[in-house]
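A.B. asks: Pasting the sequence and the predicted coordinates here, then a few questions.
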Amino acid sequence: MHRKRLMVLGLVVVLALLVSTCGPTPEPQVVEKEVIVTVEVEKVVTQEVEVVKEVEVVTEVEVTRIVEGEPVVEVVTATPEPAPSLPVRTGEVVVLQAGEASMLDWQMHCDMNAHEPSRNIYDTLLMRDQETTEIVPHLAESYELLEPTLWRFKLREDVTFHNGEPFNAEAVKYSLDRFLDPDQGAPARANLVQIDHVEVVDEYTVDIYTTGPFPLLPVRMTSGHCGTVAMMPPNYIQENGDDYIATHPVGTGPFKFVEWVPDEYIHLEANEDYFLGPPAFKDLYFKPVPELSTRVAALISGQADLVVNVPPTEIDKVNNSGVAHIKETTQGAFMVMTKITNTYEDGPWTDPRVRQAINYAIDTKTLVDTILEGHGEVLGFPLEREAFGYNPDMPEYYPYDPEKAKELLAEAGYPDGFDFTIHVPNRRYLNDIEMAQGMAAYLTDIGINTSV
């Protein structure tokens with residue numbers, strides 16, 4: 001038997017659900033607290049060699065931008081009948097996350113726990129309409145392609161950073177140059193390497209030149225998870241340094257940074273001068289609570305307004321609580337995917353028949369129906385249906401066929417299989433370990449001795 005160790009990176013990210021408690025109110029027509037949640041979802045971009053399996057998940061709660069005065073996806077208001085056990089909080093929203101944020105410099109992290117606070121502090125040039133997913137202006141009031149390699153952005157003239165610094169063309173150029181600087185080390189710099197240079201035309205006009213046609217440039221100027229080109233305050237960073245803004249962020253977003261107490265909370269307050277209007281509530285707290293059951297209990301007891309990573313087993317509990325609910329949506333999802341990352345290293349995985357066999361061996365539909373309790377959808381490709389470039393005619397190209405998987409292994413010279421290791425995050429994402437274990441069981445069934 002061939003003994004090799006395969007490096008497989010398990011990426012488990014999930015689609016947005018909205019979960020919120022409803023606060024008490026004395027009369028049905030009176031709203032004690034209004035929480036407007038705008039969901040924006042970034043895309044997972046991979047350079048695919050051979051994707052093993054992709055599953056679209058719909059059981060994670062992903063809180064994205066909260067109150068930015070844009071098209072509303074969901075409005076959560078007080079219920080007509082008050083819940084007597086809930087404490088009354090006015091002007092405050094508490095979000096419980098899976099862990100502590102690593103930093104709050106949005107250009108410099110790919111951290112899910114830092115992503116949601118960052119969305120509320122910073123802004124981007126463009127954004128997506130939350131109903132149509134079309135790209136629309138945000139800090140830029142318009143943009144156009146003047147030549148195949150030249151994009152022009154006209155900026156809003158009524159925006160300032162939280163520290164009073166003006167938002168203008170110089171700030172845009174600084175933000176893009178900073179993101180593209182190899183010495184800066186932005187983790188998603190590769191997303192924008194097609195940009196050749198940026199020129200300031202006037203105080204509120206910027207030209208972006210690319211090395212060739214770059215139709216994805218507008219997409220890259222929207223909010224994303226890893227690789228967001230947040231607009232940064234040049235003077236503030238030059239005076240205080242990168243390390244300081246990572247812990248004391250300043251942006252143009254709907255909320256201003258107040259305080260970060262490690263392992264306890266990040267406190268933001270409403271930006272009353274926000275160019276799209278002030279938020280609907282004054283204070284926003286992000287608190288790290290790693291234990292899933294603790295987050296759900298806090299939601300139901302009224303100690304939290306929004307929570308992340310609600311497992312499928314808890315969905316009915318939340319929905320039947322009478323004080324909180326979950327809304328599922330298939331719009332703009334993330335995916336569970338497992339990908340082989342060392343196909344050029346010596347081993348069985350260099351043979352495409354082996355990689356095909358791995359695909360045929362895994363019953364993704366059963367994984368969705370069992371581990372995710374049906375809260376998901378099987379895809380045959382690493383791209384959500386709302387994404388740029390999605391082809392609705394693309395078939396599910398790897399159905400579950402263990403016999404064909406065994407035949408392919410034998411043809412490749414591995415009739416007795418080989419040793420195989422799946423590497424997966426430990427509770428970073430929803431049911432990440434269980435999904436990997438399910439895949440490992442299917443691979444073991446066709447003779448690939450798989451460990452997690």
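C.D. replies: That came in fine, so what should we check first? What you see is a predicted model, and the numbers here were worked out from it, not measured in a lab.
A.B. asks: Neighbours of the residue nearest to residue 408 when sequence neighbours are not counted, how many?
C.D. replies: Distance criterion CB to CB, 6 or more residues apart in numbering; nearest residue to residue 408, sequence neighbours excluded, is residue 357 at 3.9 Å. For glycine as for every other residue, the C-beta is placed from the backbone atoms N, C-alpha and C. For residue 357, the number of neighbouring residues by other CB atoms under 10 Å comes to 28.
A.B. asks: where are the low-confidence patches of the stretch 301-450 of the chain?
C.D. replies: Along the stretch 301-450 of the chain, the model assigns pLDDT under 70 to residues 329-339, 341-343, 427-428.
A.B. asks: how about the helices in it?
C.D. replies: Ranges of helices within the stretch 301-450 of the chain are 315-319, 352-361, 364-370, 402-411, 432-445, based on DSSP state H, counting those that start in this stretch.
A.B. asks: Off-centre distance for the second one?
C.D. replies: On the basis of CA atoms, centre = their mean, to the nearest Å, helix 352-361 is displaced by 29 Å from the centre of the chain it belongs to.
A.B. asks: And for the first one?
C.D. replies: Per CA atoms, centre = their mean, the displacement of helix 315-319 from the mean C-alpha position of its chain is 23 Å.
A.B. asks: Please determine how far the residue nearest the centre of the chain is located from residue 201.
C.D. replies: In the chain, the C-alpha nearest the mean C-alpha coordinate belongs to residue 225, at 4.5 Å (CA atoms, centre = their mean). Remark: distance between residue 225 and residue 201 (CB to CB, to the nearest Å) = 31 Å.
A.B. asks: go on, residue 100?
C.D. replies: Counting by CB to CB, the separation of residue 100 from residue 201 is 42 Å.
A.B. asks: what bits of the stretch 1-150 of the chain have low per-residue confidence?
C.D. replies: 1-90.
A.B. asks: How many residues are close by residue 374?
C.D. replies: 12.
A.B. asks: mind listing what residue 154 touches?
C.D. replies: Residue 154 is in contact with 140, 141, 142, 143, 204, 205, counting by CB atoms under 8 Å, 6 or more residues apart in numbering.
A.B. asks: per the record, what domains does the chain have?
C.D. replies: 99-288, 335-451 (automatic domain parsing).
A.B. asks: can I get those domains in TSV with distance to residue 296?
C.D. replies: Formatted as TSV, the domains of the chain follow (distance: least, CB to CB, whole Å):
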stretch	distance to residue 296
domain 99-288	14
domain 335-451	13
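A.B. asks: Go through those and name the closest to residue 326.
C.D. replies: Nearest to residue 326, of all the domains of the chain, is domain 335-451, at 9.6 Å by CB to CB.
A.B. asks: Return the distance of the closest one from the chain's centre.
C.D. replies: The chain centre lies 22 Å from the centre of domain 335-451; the measure is CA atoms, centre = their mean.
A.B. asks: Check which helix or strand residue 178 maps to.
C.D. replies: helix 169-180 (DSSP states H and E).
A.B. asks: List the buried residues of the next helix or strand after that helix.
C.D. replies: The helix or strand immediately downstream of helix 169-180 is strand 195-202, counting by DSSP H and E. Neighbour counts using 16 or more other CB atoms under 10 Å place 195, 198, 200 of strand 195-202 among the buried residues.
A.B. asks: Just among the contacts of residue 154, which is most surrounded?
C.D. replies: Top of the contacts of residue 154 by neighbour count (other CB under 10 Å): residue 140, with 23 neighbours.
A.B. asks: So in terms of bridging, what pairs with that residue?
C.D. replies: Residue 140 forms beta bridges with residue 155, as assigned by DSSP bridges.
A.B. asks: show me what contacts it?
C.D. replies: Residues near residue 140 by CB under 8 Å, 6+ apart: 125, 126, 153, 154, 155, 156, 221.
A.B. asks: Grab the nearest non-local neighbour of the fourth one.
C.D. replies: Think residue 154. residue 142 (4.6 Å).
A.B. asks: is it true that that neighbour lies in a strand?
C.D. replies: Yes. Under DSSP: H, G, I helix; E, B strand; the rest coil, residue 142 sits within a strand.
A.B. asks: didn't residue 250 look like it was pressed against residue 235?
C.D. replies: No. Taking CB atoms under 8 Å as the definition, residue 250 is not a contact partner of residue 235, at 9.9 Å.
A.B. asks: list residues touching both of these two?
C.D. replies: Residues touching both residue 250 and residue 235 (CB under 8 Å, 6+ apart) are residue 165.
A.B. asks: and those two? which has more neighbours close in?
C.D. replies: When neighbours are counted by other CB under 10 Å, residue 250 and residue 235 differ, and residue 250 comes out ahead with 23 against 16.
A.B. asks: Checking the more buried one next. Helix, strand or coil?
C.D. replies: Applying three-state DSSP: residue 250 is coil.
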